[in-house]
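Undergrad: just coords:
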């Protein structure tokens, strides 16, 4: 009889006396220190270790940028800014946080398909690199430059004619709101040259949350080929080639950790093969989830325990309004469980099959469905792992008027 698939081993946090430890503190001690639940906790050493290991794995000559959309908490951004080579923002609000971190404007880029004039003015004034998503956006930037007398720094986000296969979210190939179709880019590049804007390079992002090295390698090969083809029409040398990221982490049962070794070796070969044509181009890998997701936990408290027709339910003071992704309502077609543990009974002691649900008046408010977890009672803490990215800010905190969670970097 085949066994049900299980979650990949979660080894980013220590477990002492069967209690999960984040930032050097057992979660019950951390909860007492914070004085309330629910909360998100992010482990700074876990983030530092991920960047350190990534630099060891990637070939020399690859820069790492942090995509703030994954987790824009100011304390997290401040920490990440000291580890990576640049930041990518997706709004004027994120831009303010990035600049507050002390990151130089030259190391900040701004992507997003719906930048308003206020955002474009702010970006031009700040001197950061704007990743242009359409011809219309370019014309608005040119107009703003004429009005302000400030030379904009621009790159072109390309919607390539290929996709990142097996990715959680496909960002390219076919009609997309993201970027400029590859066949239209040469004309846009010529228009940039006519405008007097400072051309910085290309941003080619194919997809996200990919756990297959062969898919990443195929997309990166195609990205380099496309970039060099487009370089023939560029108004000046390509300063920056942002090849996106796409590196995934294991969330669900049956998923395995990404093997970076073949990806890194292929990148090394690409750099050697194309270095003569790339010249001094800075090749950037832009990552968000991969850098911070595994460093975060969401913690809530059991407020009731009940049995309904044989099924045990742990009702908590947290739920989909705090962690939409873990509830299965953030892109999942068939709901699957995030890794969840009882804070002080991670792997030992008595266990039971339970569903962990929140306090909201909707059957969608599920954090774990029929999982075998350490036995918990009212007052115990439940922990959703892999929660450092797209958790707090991607959730509808105002839904039904419950108080929001707090966040802490430890």
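TA: Ah, there it is. Note that this is a predicted model, so its numbers are computed, not measured. Numbers count the residues shown, from 1 in each chain.

Undergrad: so how far is residue 155 from residue 188?
TA: Per Cβ to Cβ, to the nearest Å, residue 188 is found 11 Å from residue 155. Where you see a C-beta, it was placed from the backbone N, CA and C, and this is true even at glycine.

Undergrad: same question, residue 74
TA: Counting by Cβ to Cβ - residue 74 and residue 155 are separated by 26 Å.

Undergrad: who's more crowded, those two?
TA: residue 155 (24 against 14; other Cβ atoms under 10 Å).

Undergrad: beta partners for that one?
TA: Counting by DSSP bridges, residue 155 forms beta bridges with residue 131, residue 201.

Undergrad: now do the contacts for it.
TA: By Cβ atoms under 8 Å, 6 or more residues apart in numbering, the contact set of residue 155 is 109, 129, 130, 131, 132, 199, 200, 201, 202, 203, 240, 242.

Undergrad: tell me where the stretch 1-150 of the chain has helices.
TA: Secondary structure of the stretch 1-150 of the chain (DSSP state H, counting those that start in this stretch): helices located at 27-34, 44-57, 74-81, 92-100, 117-126, 135-148.

Undergrad: for residue 371, which of those is the nearest?
TA: helix 27-34 (17.9 Å; Cβ to Cβ).

Undergrad: mind checking the pLDDT average for that closest one?
TA: Computed over helix 27-34, the mean pLDDT rounds to 98.

Undergrad: what does it rub up against?
TA: In contact with helix 27-34 (Cβ under 8 Å, 6+ apart) are residues 19-23, 25, 37, 39, 41, 297, 299, 301, 343-344, 381, 383, 406, 408, 410.

Undergrad: quick check: chain neighbours aside, which residue is closest to residue 325?
TA: Spatially, and ignoring its direct neighbours in sequence, residue 325 is nearest to residue 390 (5.5 Å; Cβ to Cβ, 6 or more residues apart in numbering).

Undergrad: residue 306 and residue 60: what is the separation?
TA: For residue 306 relative to residue 60 (Cβ to Cβ), the value is 57 Å.

Undergrad: now residue 8
TA: 29 Å.

Undergrad: same question, residue 269
TA: 13 Å.

Undergrad: also residue 316?
TA: Taking Cβ to Cβ, one finds residue 316 at 47 Å from residue 60.

Undergrad: who's more crowded, these two?
TA: residue 316 (26 against 7).

Undergrad: specify the beta-bridge partners of the closest residue in space to that one that isn't next to it in sequence.
TA: Nearest-residue entry for residue 316: residue 300, 4.2 Å, with adjacent residues in sequence omitted and distances by Cβ to Cβ, 6+ apart. For residue 300, the beta-bridge partners under DSSP bridges are residue 382.

Undergrad: residue contacts, residue 300?
TA: With Cβ under 8 Å, 6+ apart, residue 300 has these contacts: 37-38, 316-319, 322, 358, 367, 381-382, 384, 405.

Undergrad: mind checking which of those residues land in strands?
TA: Under the assignment DSSP state E, those contribute 316, 367, 381, 382, 384 to strands.

Undergrad: which SSE is the nearest residue to residue 377 once chain neighbours are set aside in?
TA: In this structure, residue 377 finds its nearest non-sequential neighbour in residue 305, 6.2 Å apart by Cβ to Cβ, 6+ apart. According to DSSP states H and E, residue 305 maps onto strand 296-308.

Undergrad: what's the angle from that strand to helix 27-34?
TA: 110 degrees (axes from the mean of the first three to the mean of the last three Cα atoms, to 10 degrees).

Undergrad: check the offset of strand 296-308 from the chain's centre.
TA: 26 Å (Cα atoms, centre = their mean, to the nearest Å).

Undergrad: now that strand: mean pLDDT?
TA: Strand 296-308 comes out at a mean pLDDT of 98.

Undergrad: in it, which residues are buried?
TA: 296, 297, 298, 299, 300, 301, 302, 305 (16 or more other Cβ atoms under 10 Å).

Undergrad: picking that back up, deepest-packed of the helices of the stretch 1-150 of the chain, please.
TA: helix 74-81 (a mean of 20; mean count of other Cβ atoms under 10 Å).

Undergrad: next one: residue 220 relative to residue 15, how far apart?
TA: 36 Å.

Undergrad: more crowded one of those two?
TA: residue 220 (21 against 16).

Undergrad: next up, the contacts around the nearest residue to residue 270 once chain neighbours are set aside.
TA: Spatial nearest neighbour of residue 270, excluding adjacent residues (Cβ to Cβ, 6+ apart): residue 224 at 5.2 Å. Counting by Cβ under 8 Å, 6+ apart, residue 224 touches 243, 270, 274.

Undergrad: how would you label the last one: helix, strand or coil?
TA: Same thing as residue 274. helix (DSSP: H, G, I helix; E, B strand; the rest coil).

Undergrad: neighbours of it, how many?
TA: 17.

Undergrad: same check on the first one?
TA: A total of 22 residues lie near residue 243 under the criterion other Cβ under 10 Å.

Undergrad: hmm, it is touching residue 216, no?
TA: No. Shown here, residue 243 and residue 216 do not form a contact pair, counting by Cβ atoms under 8 Å, at 10.1 Å.

Undergrad: I'd assumed residue 234 was in a helix, is it?
TA: No. Checked against three-state DSSP, residue 234 lies outside a helix; its state is coil.

Undergrad: distance of it relative to residue 200?
TA: 10 Å.

Undergrad: between these two, point out the one with more neighbours.
TA: For residue 234 and residue 200, the more surrounded residue by other Cβ under 10 Å is residue 200, and the numbers stand at 25 against 19.
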